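Student: need a 3D model of the following:
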Amino acid sequence: MHVKTLNERVVSRARARGIDALVYAPHFTRLPDIRARADRFSGDGVLVVPAREVFTGPWYDRRHLLAVGLSDPVPDFIEFRAALEEFDRQDAAVLVPHPEMLNVSCSRGDVAANSGAVDAVETYNAKCLPHQNRVARAVARETGLPGFGSSYAHLRRTVGEAWTAFEGAIDDESDLVSALRTGAPRRVVHRGGVGHRLRGLAEFAHLGYENSWGKLDRLFLSGTEPTHPSNVAYGSRFDDVVAYGSA
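Tutor: Numbering: from 1, shown residues only. Below is the predicted model of the structure:
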């Protein structure tokens, strides 16, 4: 349901592990670029669906939302409610990845207060530690929302470590959006054993790099980066809901 890396070796690994579809949502990449790369690698038994994991709120208190089925680009670091309203306008499926994880996710309260705008909660993430996945399952259970699972693969070898198995066929992007928005029956599945745990730990270790202040400085100083809300690509559409830099 969610990978950050995409190339021929990633697709080959997915195919070898019996994965029929990958949701590709890299950080800090605009939707047209995501869609172009997804189209390039989609086919030959593996559907690649473009998506955006949008960072809402300021960097130090960002709440991630995964939107599948977007037609128009949405920037990072806009207000939480504004992001939800924009996803609703586009009829996108809205998912909550890794709830209650550090300062990079929605809390129980966030999910409960906005359950009508959310289509599913991640209940297993290969990057998360066991207690974090237990908390995620509790959030889904308490809010009554369907679950989903993903490898959250930033590293190629994590692809296929966790997935979501739908009862119905998913042949294209619209099928997936419909299945998510209607709460279609599904199972959350993951591998086990020492290899699975080691791949998960390697992904978790990658989190330190991913959230380093060095990366923050590199990505968000000038305001011209691809998914910064003030980027010229968004015009002035989001000027009144910018949260980046908020105190």
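
Student: which residues of this structure score low on pLDDT?
Tutor: Per-residue confidence for the chain (pLDDT under 70) gives these ranges: 208-224, 244-247.

Student: longest helix in it, please.
Tutor: helix 193-210 (DSSP state H).

Student: what about dumping the CA coordinates of it to PDB?
Tutor: Coordinates of the C-alpha atoms in helix 193-210 are reproduced here as PDB (Å, rounded to 0.1, in the frame of the first residue of the first chain):
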ATOM      1  CA  GLY A 193      10.800 -14.500  11.300                       C
ATOM      2  CA  VAL A 194      14.200 -13.100  11.800                       C
ATOM      3  CA  GLY A 195      14.600 -11.800   8.300                       C
ATOM      4  CA  HIS A 196      11.400  -9.800   8.600                       C
ATOM      5  CA  ARG A 197      12.400  -8.300  11.900                       C
ATOM      6  CA  LEU A 198      15.900  -7.300  10.600                       C
ATOM      7  CA  ARG A 199      14.400  -5.600   7.500                       C
ATOM      8  CA  GLY A 200      12.000  -3.700   9.700                       C
ATOM      9  CA  LEU A 201      14.800  -2.600  12.000                       C
ATOM     10  CA  ALA A 202      16.800  -1.400   9.000                       C
ATOM     11  CA  GLU A 203      13.800   0.600   7.900                       C
ATOM     12  CA  PHE A 204      13.400   2.100  11.400                       C
ATOM     13  CA  ALA A 205      17.100   3.000  11.500                       C
ATOM     14  CA  HIS A 206      16.500   4.900   8.300                       C
ATOM     15  CA  LEU A 207      14.100   7.100  10.100                       C
ATOM     16  CA  GLY A 208      17.000   8.900  11.800                       C
ATOM     17  CA  TYR A 209      18.300  10.100   8.400                       C
ATOM     18  CA  GLU A 210      14.900  10.800   7.100                       C
END
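
Student: pull the residues that contact that helix.
Tutor: With CB atoms under 8 Å, 6 or more residues apart in numbering as the contact definition, helix 193-210 has outside contacts at 27, 126-129, 152-155, 157-158, 161, 190, 215. Quick note: C-beta positions are derived from backbone N, CA and C, even for glycine.

Student: from those residues, which is closest to Glu167?
Tutor: Distance ranking of the contacts of helix 193-210 against Glu167, using CB to CB, places His190 first at 18.1 Å.

Student: and the closest one, how far from Gly57?
Tutor: 29 Å (CB to CB, to the nearest Å).

Student: again with Gly168
Tutor: The spacing between Gly168 and Gly57, counted by CB to CB, is 35 Å.

Student: so those two - more neighbours on which side?
Tutor: It is Gly57, of Gly168 and Gly57, that has more neighbours when counted by other CB atoms under 10 Å, with 19 against 12.

Student: surely the more buried one and Ala243 touch.
Tutor: Yes - between Gly57 and Ala243 there is a contact under CB atoms under 8 Å: 4.9 Å.

Student: common neighbours of these two, please.
Tutor: Common neighbours of Gly57 and Ala243 (criterion: CB under 8 Å, 6+ apart): Phe77, Glu79, Phe80.
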